[in-house]
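> Provided below are the primary sequence and the corresponding predicted coordinates.
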Amino acid sequence: MTETEVVVIGGGATGVGVARDLALRGVDVTLLERGPGLNAGTSGRSHGVLHSGARYAESDPEGAADCLQENRILRDIAEGCVADSGGLFVRLGGDDADYFDRKLDACREIGMDPEPLSPAELRERVSGLSEAVEEGFAIPDGVVYPSRLVAATAANAREYGATIHTDAPVVEIDADGEADRRLTVRTGDGPTVSADVVVNAAGPWAGKVASLAGAELGIRPTRGVMVAVDYPDLGPVVNRCREPADGDIAVPHGEQAVLGTTSVTVDDPDEFERDDWEVQRTVEECAAMLPPLADTPVERTYWGLRPLYEPDELSREGRGISRDFAVVAHDSAPGLVSVVGGKLTTYRLMAEAVADHVCGTLGVDEPCRTAEEPLPGVGDPARLDELAREFGAVGPADADVVGE
């Protein structure tokens, strides 16, 4: 039996972010990841956008402001894990002009400085942009390489004393409902760990993890396809300025562009369909912004899962664009804390919120330092790629870039 103060379950961006934050505050933390490497779930299967907040500005201004803040922080502490591609929102003929104006105003209201651009100026910035584009504006979107980001975050956690176990699927959490009892976490072929607090950062699998402790957690995973095509001259991230829909974003990735995405509810994050219509629809819709895509061969496809928090999502009509996160303390399993929802861009902020809660429980009076401390390997892509390989963190989202 291994003893620690905190167990973190889940080796994606949020899980390693929590481990890093707690370790920097002097907390003894052990992270358990069920797979052979980190970054195997949602983080490693994203479309890789470092959001500016523009995508959420009119529907969720608070969340958008968080994105803008974290965008700036990651540029400072994670050089090499992110790229300053810039971004655009473009309106095609037939798209709602009033929605465009609301989006532009909302960006300004959260403290962004969007730059309105004419159709000619937009086409100067993007190769192959459609003649149907009638207006647009520039925003500080970027690209994030989750393999590097997760690995560098894990390395920093380890530097400060965190223990990281892969191939450690959690099979049981002993939480008997007594607030003064330590929790015991048992894994398949890995360690058994006793802790004061267990953090459930398992993303789409968080509901299953909570159930191991006799707790309930409303998770509604949705799948989305990412389609990678050869498109070396894309330049900025290109977003279509309309209500959220399939196929409304193209992201530059080295010599490729990653097109996204769809949103289909799944019942089981381990077993779900991957339908060809999603690929076709995504390409067709993105080709409305970038017509050359219609004739560009698909190089690879991959599906990601969003760990949406059901109590929040059920209150929305249609395809909710908000990606709020929640920190849930389970009364039925004292000591178990779940973090759900959120976005890759705000992973550090999510981890800070969890660590604040955990430190309050443990009586640890240390401030968060993760926004100031640079990650290991920053500015050195070769070192970052080495860390990604060491932690088994190379995933579909950036396999075309990392290690080249």
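Arrived safely, thanks for sending.

> any idea how far residue 42 is from the residue nearest to residue 190 when sequence neighbours are not counted?
The shortest distance from residue 190 to any residue other than its chain neighbours is 3.1 Å, reached at residue 168 (C-beta to C-beta, 6 or more residues apart in numbering). Every residue, glycine included, has its C-beta placed from N, CA and C. As for residue 168, its distance to residue 42 is 19 Å (criterion: C-beta to C-beta, to the nearest Å).

> neighbour count: those two, which is higher?
For residue 168 versus residue 42, neighbours defined as other C-beta atoms under 10 Å are more numerous around residue 42 (27 against 23).

> look at stretch 371-390 and report the distance between its end residues.
In stretch 371-390, first residue to last residue: 24 Å (C-alpha to C-alpha, to the nearest Å).

> ok, then the element right after the helix or strand hosting residue 134?
In this structure, residue 134 sits in strand 133-139 according to DSSP states H and E. Toward the C-terminus, strand 133-139 is succeeded by strand 142-144 as the next helix or strand (DSSP H and E).

> which SSE is immediately downstream of that next one?
For strand 142-144, the following helix or strand on the C-terminal side (DSSP H and E) is helix 146-159.

> which residue, other than its chain neighbours, is closest to residue 386?
Ranked by C-beta to C-beta, 6+ apart and with sequence neighbours excluded, the top spatial neighbour of residue 386 is residue 377, at 7.8 Å.

> next SSE downstream of the helix or strand of the chain with the lowest mean pLDDT?
Across the helices and strands of the chain, the lowest-confidence element by mean pLDDT, DSSP states H and E is helix 310-313, at a mean of 58. On the C-terminal side of helix 310-313, the nearest following helix or strand under DSSP H and E is strand 325-329.

> which strands and helices sit next to that following strand?
In this structure, strand 325-329 packs against strand 336-341, helix 347-362, with contacts taken as 3 or more C-beta pairs under 8 Å, 6 or more residues apart in numbering; DSSP states H and E.

> which element, helix or strand, includes residue 243?
Secondary structure here is read from DSSP H and E; on that basis residue 243 sits in neither a helix nor a strand.

> ok, now which ones touch it?
Applying C-beta atoms under 8 Å, 6 or more residues apart in numbering to residue 243 gives the contacts 96, 99.

> ok, residue 173 - how many residues close by?
As a measure of burial, residue 173 has 24 neighbours, counting by other C-beta under 10 Å.

> which residues does it form a beta bridge with?
Assessed by DSSP bridges, residue 173 has beta-bridge partners residue 185.

> OK, contacts around it?
Residue 173 sits next to 183, 184, 185, 186, 198, 209, 212, 213, 333, 336 when contact means C-beta under 8 Å, 6+ apart.

> the nearest residue to residue 65 once chain neighbours are set aside and residue 104: what is the separation?
If you skip the residues right next to it in sequence, residue 65 has residue 110 as its closest partner in space, 4.5 Å away by C-beta to C-beta, 6+ apart. Separation of residue 110 from residue 104 (C-beta to C-beta) stands at 12 Å.

> next: residue 378.
Going from residue 378 to residue 104 by C-beta to C-beta gives 33 Å.

> ok so, going back, and the residue nearest to residue 386, what pLDDT?
Looking at residue 377, its pLDDT is 96.

> and it, how many neighbours?
When neighbours are counted by other C-beta under 10 Å, residue 377 registers 23.

> equivalent analysis for residue 260, please.
Neighbour count for residue 260, taken as other C-beta under 10 Å: 23.

> coming back round to it: who's more crowded, residue 378 and residue 104?
When residue 378 and residue 104 are compared on other C-beta under 10 Å, the one with more neighbours turns out to be residue 104, at 23 against 18.

> who are the contact partners of the more buried one?
Contact analysis of residue 104 by C-beta under 8 Å, 6+ apart lists 114, 116, 137.

> using CSV, list the CA coordinates for stretch 97-105.
Listed next in CSV are the C-alpha coordinates belonging to stretch 97-105 (Å, rounded to 0.1, in the frame of the first residue of the first chain):
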residue,chain,number,x,y,z
ALA,A,97,-24.9,39.7,-40.5
ASP,A,98,-26.4,40.6,-37.1
TYR,A,99,-24.7,37.6,-35.5
PHE,A,100,-21.4,38.8,-37.0
ASP,A,101,-21.9,42.2,-35.3
ARG,A,102,-22.8,40.7,-32.0
LYS,A,103,-19.7,38.5,-32.1
LEU,A,104,-17.5,41.4,-32.9
ASP,A,105,-19.0,43.6,-30.1
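
> show me what contacts residue 20?
With contact set as C-beta under 8 Å, 6+ apart, residue 20 has these partners: 153, 154, 156, 157, 160, 162, 351, 370.

> quick one: it from residue 31, how far?
10 Å.

> find residues that contact each of these two.
Taking C-beta under 8 Å, 6+ apart as the contact definition, residue 20 and residue 31 share the neighbouring residues 154, 157, 162.
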